[in-house]
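> Provided below for reference: sequence and predicted model.
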Amino acid sequence: MQTISRRRSDIKRFLRDVLIKNYRSIFDVVREETNIVTAARFYGMAVDRHGRALCPFHSDHHPSLSFKDNRFTCFACGARGSVIDLVMQIFHISPLEAAVKLQEDFNLKVEVRLYPQG
């Protein structure tokens, strides 16, 4: 009996690992396929050639928002995050709404899988 139960747990662990490695959520797709500087410019931010811009989250007179490695950081107010976080904060929307907005605005292909309940 112990062998069968161990076998089942091994199979479940294997399937879980395979499914997790092969699964890409809308958040993963948007983060990987959207360049944050391109998105910032698309939504009206003036990003200079050094990857800096005025921070839209506070009154900023000198560029304190920096873009690097597809993430943003404001050295004045401490705002930071990915392209999804940037869109969330600019438009005051939820993470899912931000991901969907980016998907639609940049024509990203996201495979939606529906699993039967049961």
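Structure's in. What do you need? Worth saying up front: this structure is predicted, and the values here are computed from it rather than measured.

> what are the ranges of the helices in the protein?
Assigned by DSSP state H, the helices in the chain fall at 2-22, 26-33, 36-42, 83-91, 95-105.

> for the third one, the distance to its chain's centre please.
The one in question is helix 36-42. 13 Å (Cα atoms, centre = their mean, to the nearest Å).

> and it, what other elements does it pack with?
For helix 36-42, the packing partners by 3 or more Cβ pairs under 8 Å, 6 or more residues apart in numbering; DSSP states H and E come out as strand 65-68, strand 71-74, helix 83-91, helix 95-105. Bear in mind the C-beta positions are built from the backbone N, C-alpha and C, glycine included.

> what's the closest of these to Thr38?
Closest of the helices and strands packed on helix 36-42 to Thr38 is helix 83-91, at 9.0 Å (criterion: Cβ to Cβ).

> Pull out the buried residues from that closest one.
By neighbour count on 16 or more other Cβ atoms under 10 Å, the buried set for helix 83-91 is Val83, Ile84, Asp85, Leu86, Val87, Met88, Ile90.
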